[in-house]
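Peer 1: predicted coordinates and the sequence they were generated for:
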Amino acid sequence: MTGSLKSAGSAPPTPELRTTAFYFTYFMGPGAAVMFLPIWLSEKGITTEQIGIINAVPVLTILAFNLIIGRVADRARDWRQVIVIGALIAGIVPIGLLFVNEFWGILLFWTLSSLPGGAVGPVLEAATMRMTRRNGSDFGTIRAWGTVGYMLFNGLTGFLVVWFGSGIFVPLFIGLALLRAGAALQLPAFRAPPGQPTVAASTGSSASRLGEILTRPWFVLPLLGFAIVYGTHIILNAFGSLIWKEQGISEQVIGPLIALGSAAEAAMMFAWKRFGGRVSARKLILVSALVSVVRWVGMALSPPVWVLVFLQLGQSVTFALGYLGCVHFIANWTSEDIAAETQSLFVVVQQVMAVAGLVAFGWLTGFFGAQAYFFAAGAALLGAFFIWVSLRLMQPKESAVSSGS
């Protein structure tokens, strides 16, 4: 993968390499679902409003559990325990999808399938960030391999459906969930060994209580702003393939189009270490929001495929740049004592915006089709405003991302 992740000779795999292996499998199932779930649901007679609900309810359910799981993980001996349990449950439950065909059954099992893996995501991010900072390795490179796995099944699923028919989707999703469960078993311990300095010990401005960090508007606003931007990306995940198919684009083109966005996202994550510490995190998050406005306006105009290629490449900025800026921003201003809980709170806010966006967009798509993306552009502009207000309240430090500003 990269030189920093390789094991020397016959030495056992490094913690970074083992975590990378799990990240590689972590988003494979969602990658397949983004490509074909809306089409699969539509083929079963599910309406666009119901598709929005099926995508929104798991997010809403995860929302109810995120903070609890984050708090439990912070108090556990190691964050690994919670991650492994969640992955194992998420590997078994999707088998129930083989036995349902109507709205309520699909809603139930899709929600139960999405809940365990989604709920431990913030714990995984917080744990990996702390481990890489302690070891001097790069979080962005490890996280990028998750996007590579996601991208792989964005593109591959379209071809598998063409070759084997739509019936391949559920067995494929189950197989990928089981693969992720197996990969979880080899995860390393993430916490610092007793007596080893942590981020909290070396950063005097780190908050050690959640309530303390929530009293800083300049800290909360950029995370709220990017959460809104994130919600607009979930809209693309839930409805993008269906809208493109209705525009006459075949599954063989839709899959690579989705994969292209993921490839651009991964490229940004691989490149982050080269420039991420040179610019303020909040300025990077603001750029991601403003470019999102342009991207969604372009989507609303139902452009030809060659224009969609450029819009999909924009994912490197609209999602990856903002996401990495937020993760570093959070890590620099919080201690290990509340690492998973704070990351979980950030995800909770994202999920609130995602639920609102999914439900509203399902209704709007029925009336406006692709032009519903204009509403997504307006939401992204609101997110950019919140980030701009944060910069006005407190100017970034000169050391930019590395200082948490």
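Peer 2: Yep, that arrived.

Peer 1: in the stretch 151-300 of the chain, where is pLDDT below threshold?
Peer 2: Across the stretch 151-300 of the chain, residues meeting the criterion (pLDDT under 70) sit at 192-212, 276-277.

Peer 1: can you show me the helices along it?
Peer 2: Taking DSSP state H, counting those that start in this stretch, the helices of the stretch 151-300 of the chain run over residues 169-184, 199-202, 210-214, 217-246, 251-275, 281-300.

Peer 1: what's the longest one packed up against?
Peer 2: In terms of contacts (3 or more Cβ pairs under 8 Å, 6 or more residues apart in numbering; DSSP states H and E), helix 217-246 is packed against helix 28-43, helix 48-75, helix 251-275, helix 281-300, helix 322-333, helix 339-368, helix 373-393. Backbone N, C-alpha and C define where each C-beta goes, glycine included.

Peer 1: in the longest helix along the chain, what counts as buried?
Peer 2: If you go by DSSP state H, the chain has its longest helix at helix 103-135. Neighbour counts over helix 103-135 (16 or more other Cβ atoms under 10 Å) mark 103, 106-107, 109-134 as buried.

Peer 1: cool, and stretch 157-165?
Peer 2: Applying a neighbour-count criterion of 16+ other Cβ under 10 Å, one finds 157-158, 160-161 buried in stretch 157-165.

Peer 1: from the residues you listed, pick the one nearest Thr141.
Peer 2: Nearest to Thr141 among these is Thr157, at 25.3 Å by Cβ to Cβ.

Peer 1: measure the closest one to Gly31 for me?
Peer 2: Computed as Cβ to Cβ, to the nearest Å, the Thr157 to Gly31 distance reads 7 Å.

Peer 1: which among the helices and strands packed on helix 217-246 is found nearest to Met151?
Peer 2: Minimum separation from Met151 across the helices and strands packed on helix 217-246 (Cβ to Cβ) falls at helix 251-275, 3.3 Å.

Peer 1: show me what that closest one is packed up against.
Peer 2: helix 28-43, helix 139-164, helix 217-246, helix 305-313, helix 315, helix 322-333.

Peer 1: any idea of the mean pLDDT for the fourth one?
Peer 2: The reference is to helix 305-313. Helix 305-313 shows a mean pLDDT of 94.

Peer 1: which residues are contacting it?
Peer 2: Helix 305-313 is contacted from outside by 244, 249, 253, 257-258, 260-261, 264, 295, 298-299, 303, using Cβ atoms under 8 Å, 6 or more residues apart in numbering.

Peer 1: same deal with the fifth one?
Peer 2: Residues from elsewhere that reach helix 315, judged by Cβ under 8 Å, 6+ apart: 233, 261-262, 264-265.

Peer 1: and the residues you listed, which two are furthest apart?
Peer 2: The span of the contacts of helix 315, defined through Cβ to Cβ, is set by His233 and Ala264 at 12.7 Å.

Peer 1: the more surrounded of those two?
Peer 2: Using other Cβ atoms under 10 Å as the criterion, His233 and Ala264 rank with His233 on top: 25 against 21.

Peer 1: now for the closest residue to the more buried one other than its chain neighbours: which residues touch it?
Peer 2: Counting by Cβ to Cβ, 6 or more residues apart in numbering, the nearest residue to His233 once its immediate chain neighbours are dropped is Phe319, at 5.4 Å. By Cβ under 8 Å, 6+ apart, the contact set of Phe319 is 229-230, 233, 265, 288.

Peer 1: kindly report the same for Trp363.
Peer 2: Applying Cβ under 8 Å, 6+ apart, we find Trp363 in contact with 49, 52.

Peer 1: tell me the pLDDT at it?
Peer 2: 76.

Peer 1: any idea how far Val57 is from it?
Peer 2: Per Cβ to Cβ, Trp363 is found 15 Å from Val57.

Peer 1: can you check Gly91 too?
Peer 2: For Gly91, the distance to Val57 - Cβ to Cβ - is 21 Å.

Peer 1: next: Val348.
Peer 2: For Val348, the distance to Val57 equals 16 Å [Cβ to Cβ].

Peer 1: next: Phe368.
Peer 2: Relative to Val57, Phe368 is positioned 23 Å away (Cβ to Cβ).

Peer 1: do Ala184 as well
Peer 2: Going from Ala184 to Val57 by Cβ to Cβ gives 25 Å.

Peer 1: and Val291, by the same measure?
Peer 2: Applying Cβ to Cβ, the value for Val291 to Val57 is 30 Å.

Peer 1: thanks a lot, catch you later.
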